[in-house]
Every structure is written in structure tokens, then in C-alpha cells.
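[1] Build me a structure from this.
(one chain, ligands or ions: 2)
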Amino acid sequence: MSRIVIVGGGAAGMYAALIGAEKGHQIDLYEKNEKLGKKLYITGKGRCNLTNACDRETLLGSVISNPRFMYSSFYGHGNQDTMALFERIGLSIKTERGNRVFPASDKSSDVIKALERELKKNQVRIHLNTEIREIVVKEGRCVGIRTAGGENVPADACILATGGLSYRTTGSTGDGYRFAKAQGHSIVECIPSLVSLETEEDWPAKVQGLSLKNVELLVQKKNRILYRETGEMLFTDRGVSGPLILTASSVAGRDIMQKEVELLIDLKPALTHKQLDKRLIREFEEQKNRQFKNCLGNLFPNKLIPVMVEQSGIAPEKQVNLITKEERKRFAEQIKALCLHVKQLGGFKEAVITKGGVSTREVDPKTMESKLVEGLYFAGEILDVDAVTGGFNLQIAWSTAYAAASHMKQEEKMGYQIAIDGPAGAGKSTIAKLVAEKLDFVYVDTGALYRGLAVHFLKEGIDETDETALTKACEKARIDLAYENGIQQVLLNGENITSLLREERVGNLASRVSALQVVREKLLQTQREIAQKKNVVMDGRDIGTCVLPEAGVKIFLTASVETRAKRRYEQLTREGKQADLKKIEADIQERDHRDSHREIAPLKQAKDAVLLDSSDLTIPQVVERIIREKENASGN
Ligand SMILES: Nc1ncnc2c1ncn2[C@@H]1O[C@H](COP(=O)(O)OP(=O)(O)OP(=O)(O)O)[C@@H](O)[C@H]1O
Ligand SMILES: Nc1ccn([C@@H]2O[C@H](COP(=O)(O)O)[C@@H](O)[C@H]2O)c(=O)n1
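    Ligands and ions are numbered 1, 2, ... in the order given. Presented below is the predicted three-dimensional model:
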């Protein structure tokens, strides 16, 4: 386990924190705002366009600055992985027009809530209202951070996820650039992107609010075409905006900064020049006795007519049959290429994203680690990577955050993890023990940890309905696992309590208290730490879904209730204990219901788990199947 500090509690920071914590690291997340995800909250007009459900090619094709840099991280954790992750953490999502993915509720707050819930569950320590002053580096290695309050926080690694410069009010003030620059990183000049354009001409103000659909926009600089696309645009008080313009600002942003960029709007892209001329002849013929300004209703929206008349140079009151061929031809030209000159990009205040940032040349694209400072990582908008609208910029944040947080794993040697979950009496411990023996792995019975805590509560005489007493008791309990001759032992505050674990009252209490957050939080880290460095076969209820979501093999082992009850009955009679088949069956049903209906980490099959129904399989057959799964997963 490493201690990782993450600076910035936006999309990339929260995602990196979650991934890092799930990998078993201790995470401290620092945010200078009073809450997490302020920018995420307002994205997509408050709906949060999470990602885009497109194919890989399109995903890469959507990146405007440094697409090659994104290759590895998109492959390592792409849009499908992000969608799966959000669903795994309980966020329902939906896909809309253009493959845009949103939370099903249309509320960005639900995305933030889901992430926050998961951070809490994974024991990420969140420090709000805490500004970071600098990154502390010793001998070329990041060793921590220093807060504005002067506190030194030591760390094995630091992920900078401080965002860009857009929407400053949400906290994006460019602190991260300063930190990176202080460590020798080059910062590519930051400019607003996905932003409206201000024009030299002031006539757009007259048609402010008018939206044009199905027009073709051509952006050019000294006859060099920078962007050409058909779609929708909008006039504003200072120029133009809307989907086409936002994309143009992204594609041609740097050229716009250097001026001399012009926009040519084709108002009738479906018609060739010849067809348009014919159409004008027809319109003018049908309305030959009207004034020019009154004969354009079939061609343009009403609001645009005065502008088109003014721009044409034809007198508004001129009778249509007096318009010359030359004038008509020029007017057709104007319709096919209504011209505007770009003065400048709109400001950071309204820009969706920042173009520019930490130069990708100095960052490892596989891991997001700085090539200049060991242990310093970057994620999200701070990097000089940006994309068009449609959920792609958030995907950059998720993918780079994943790359940064999951790389930490490689710093330490991780063990191989086999997760076996399933309902009571499915044979998990029997099977897991044998699989571990065959593979020479360590067997970890996580149910024993819950039972161990139950023993503690019983010893202390804790009322299980008294939350304060339970919390205090949890703080007092230290549960450790030890192994004697390869057999798992449970130590409660140093005392070996293994012999007490199988008592009925212990099992029943464990089953009830395991639904409580305080209990699950207490044991989560213990379980992850055990699985950190050793090869393990771990059994329980939430191993594949929550404790070890990255396990190499996940099995959901089950059997019919009757079979499980019968097996348990036979086991107890074999051991010379009193047993009542009906009572065992009822008990199993009750536990199944409790385990699978609790709110936190309920018993359920992980999406990527293999379902094994052992009702008609012998123990060796089940073991064999799992060994085969392991071999297939490891490619041997
Ligand atoms: N495939 C099988 N065929 C026959 N018996 C089996 C099979 N799998 C397990 N058993 C027997 O079922 C009984 C219950 O198994 P075990 O205690 O391993 O289940 P478990 O899932 O770990 O239960 P719990 O979660 O309640 O601790 C044991 O007696 C075991 O030998
Ligand atoms: N990962 C786990 C493991 C167990 N539990 C709960 O603990 C009870 C005892 O577990 P056994 O496997 O030893 O029977 C069990 O009834 C579960 O409710 C859990 O929640 N998560």
C-alpha cells in the first residue's frame, strides 16, 4: 500500500481517488472548495455528459490536442470501462443522441453523490477547504505536499488533478500549472476552448438568440481551411456560438488567437450555386412587384432578413423585378458564404474547457507520471489534452485518472487475487481452501472477520441497535488474521478467538451487523491489505464487487437452498452436532435475504464473475472448474 495525495476534488481527482483506494492505497484527497465536484455539477447544463458510447476510433478521433498521448490510457480504461464503473457504483446511466451518456436522472449531482458515496466506502480521507501551496520534492522524487496552512503531508506519490482555467468560480484557477512549472514542467499556453467567438462585425447582436440549423460552417485563414462542418449555430450579443462554433473554437483556437480567421456560413448547403440561383429567380418572379426586403420570407428566418438585406448592398425598398442579374448573383454568393471575421475567442469564464496545460512531452502516456519528477502524476484538464464536446473531455479525465491511480499498483508487487462470493453454505470456504492449497495461495475467509467482530460485540455486551456503542466498539477492536500450519486464525486484540467463530449466536450476529456501514468500513481496509502482497483466494459476499474489484478471477458460487441446507445438515451430523434440516433451511434463506438486500455491498454477482452452480457438481469438480478459470485468465 502506498500513501497517495491527490490535489483537486473534481472529476479526475475523485475518480483517481476511487481507483487508488480500490487498489488498496491510502488516499488523501485535497480540495480547496467547500465541496467536491463543483465544476462537474454544472457540466452539460447540470446534466453531466459523462462520456460518449462511441467506438475506440471515434473516441480517439474526438481528441483535438495530442490525441496520440491518449492512446494508452483510452485503451487501458476507455468509455465502456467508465460506463461499467459508474453502473457498478450504483449510478444508472442512459445513452442519448450522438452516443452521449448521461445519468438516467439527468442530474449531475447524482454522479457526484455516487462518487462521494464510493469514496467514503473506500475510506478515502477527504480534506475540504484545504488549499495546497506546493509539491514537496526531494532528490527528484515527490515526497509530499505542503498546505497553505503550513502543514507538511508526507506521501509516496502525488496526483495533480487541479483542472484548467475555465469556470474559475468553480475553483479552476490554474494552481496545478504553477506547481508543475515549479518542478520544471513546460506549460503549453492556455487558451479557452469549446467557447463562443467574438466577431469584428456587430450585426450578430441584432439577431442575438437566433439559432440556425443545418447550415455549413467554413472556418478559414488566408484561404487555408481550418474546419468545415454542417450543423447548428447561434448568434450572440458579441458574435456566434452553438455546437458548430464550439467545435470550431476547439479545432481552430490557436489560429484564432493569431487573428485573421474568417467564418463563412452557407445558409443553404443543400443547394448548389446553380440551384440556388434558380430558386432566387423563382422567388423573385413570384414576388416581382414587392420590395426586396419583403420577398425573403421563404428563404430565411424573419429575424435574419434585415441583416441579409443590409449585407447585400441592395436597397431594401427596391422593387424585386428591378434587381439586376449581377445583384442577384452577388446575393446568392452571400447566402452561400455569409462572412464574419473573428475578433477573439470568448473568455475562460464561459469556456467549457482549457486548451493547453502541462506539456504531454514530459509525461508518460501509460502512467501519467512526470518524466521529470518521480512519483508526481497528472490527471484531467491540467494536461495539454482536450477534445470536442460530447462527453469526450470527461472521458479524458476518467481515463487519465485511471492510468495515474492504477499505475501506483505497479510500484509494489501485487498478489494474484481470486474472489469467490456466494450465499451461505454454497461451499465457498470448502472450495476456496482447496483451490488455495492447489495453487499454493493464501486462503482468506472474510466471513471469519465479520464473525470476529461479532465475538467482540458479544464480549463487550454491545447492544447491536446502539450505533454509538457499535462505533466505539469498532474503534476498540483490532482484528488480525494469522496462519498456523496454513490454517487461518482470527485474533481479536491479540487473542486467538478462532474456536468461538462457529457458534450459532456468533454467526447470526455477524450476519446482522455486517449490514452496518461502520462494520463494513472497519473491515474493508483489513481485507484489502491482506490481499495486497500475497496471492490470495478470498471468499465472502462482496469480494468481487467491492473488496477486490480488480481480482484476476471472480467466481459466484451458488447452489439451491435445499442442497445447501442438506449439505450443512450432513456436515453438522458428521461433526456429531444436533441439527434440524427445516431450521437450517429457514436460517439460510433468512441470511441470503439479509445479505442480498442490505444497502451497502450487498451479495450479488459481479458483472465479470463466472457463475458456478454447484448443486449437481462434486467438490473436486468445482475446484477443477475454478483452477481452469485461473489458468485461462493467466493465459496458461
Ligand atoms: N459441491 C459440493 N458437493 C457436496 N458438498 C459440498 C459441495 N460444496 C460444499 N459442500 C459441503 O457444503 C457444506 C457447506 O460448505 P461451506 O461451509 O464451505 O460453505 P460456505 O459457502 O463457506 O458457507 P458460509 O458462507 O455459511 O460460511 C460443507 O459441509 C461442504 O463440505
Ligand atoms: N465478505 C463478507 C463475508 C461475510 N459477510 C457476512 O458475515 C456473515 C458470516 O459469514 P460466513 O461466510 O462465515 O457465514 C455472513 O452471514 C455475511 O452476512 C459479509 O457480509 N461479507
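
[2] Check which helices and strands the helix or strand encompassing L470 sits against.
    Element membership of L470, judged by DSSP states H and E, is helix 467-476. For helix 467-476, the elements it packs on are helix 447-460, helix 517-533, judged by 3 or more Cβ pairs under 8 Å, 6 or more residues apart in numbering; DSSP states H and E. Placement of C-beta: from N, CA and C, glycine included.

[3] what sits up against the last one?
    Contact partners of helix 517-533, identified using Cβ atoms under 8 Å, 6 or more residues apart in numbering, comprise 1, 24, 121-123, 412-415, 417, 442, 444, 446, 449-450, 453, 467, 470-471, 474, 477, 479-481, 513-514, 536, 538, 540, 543, 546-548, 600-601.

[4] cool, and the first one?
    Contacts made with helix 447-460 from outside it, assessed by Cβ under 8 Å, 6+ apart, are listed as 429, 462, 464, 470, 473-474, 476-477, 479, 481, 488, 490, 492-493, 497-498, 500-502, 505-507, 509-511, 513-514, 519, 522-523, 526-527, 539-541.

[5] Can you tell me which of these end up in strands?
    Among the contacts of helix 447-460, the residues falling in strands (DSSP state E) are 479, 481, 488, 490, 492, 539-540.

[6] Neighbours of whichever residue of the stretch 1-150 of the chain sits closest to ligand 2, how many?
    Residue nearest to ligand 2 within the stretch 1-150 of the chain: K121 (13.3 Å; Cβ to the nearest ligand atom). Counted with other Cβ atoms under 10 Å, residues neighbouring K121 total 19.

[7] again, but for G61
    For G61, using other Cβ under 10 Å, the count is 14.

[8] what do you get for I305?
    19.

[9] Looks to me like it is in a helix.
    Yes: applying DSSP: H, G, I helix; E, B strand; the rest coil, one finds I305 inside a helix.

[10] backbone phi and psi for the closest residue to it other than its chain neighbours, please?
    Excluding its sequence neighbours, the residue lying closest to I305 (Cβ to Cβ, 6 or more residues apart in numbering) is L296, at 4.9 Å. For L296, the backbone dihedrals (degrees, to the nearest 10) come out as phi -110, psi 10.

[11] Now do the contacts for L296.
    By Cβ under 8 Å, 6+ apart, L296 lies in contact with 283, 305, 308-309.

[12] Could you rerun that using 10 Å?
    If you count contacts by Cβ atoms under 10 Å, 6 or more residues apart in numbering, L296 has them with 280, 283, 287, 290, 302, 304-306, 308-309, 312, 320, 331, 335.

[13] ok, of these, which one's closest to L271?
    Set against L271, the nearest of the contacts of L296 by Cβ to Cβ is I335 (8.7 Å).

[14] Tell me the pLDDT of that closest one.
    On pLDDT, I335 comes in at 98.

[15] Kindly report the same for F292.
    97.

[16] That one: what's it in contact with?
    284, 305, 308-309, 312, 314-320, 322-323, 327, 331.

[17] rewinding a little: can you say which of the contacts of helix 517-533 are buried?
    Buried residues within the contacts of helix 517-533, counting neighbours by 16 or more other Cβ atoms under 10 Å: 24, 121-122, 414, 417, 442, 444, 446, 449-450, 453, 470-471, 474, 477, 479, 481, 513-514, 536, 538, 540, 543, 546-548, 601.

[18] How many residues are close by P67?
    15.

[19] and the next element down the chain from the helix or strand containing A248?
    Assigned by DSSP H and E, A248 belongs to helix 243-251. Sequence order places helix 253-257 as the next helix or strand after helix 243-251, per DSSP H and E.

[20] What parts of the stretch 351-500 of the chain come near ligand 2?
    Contact residues (Cβ under 6 Å from any ligand atom) of the stretch 351-500 of the chain with ligand 2: 424, 446-447, 450-451.
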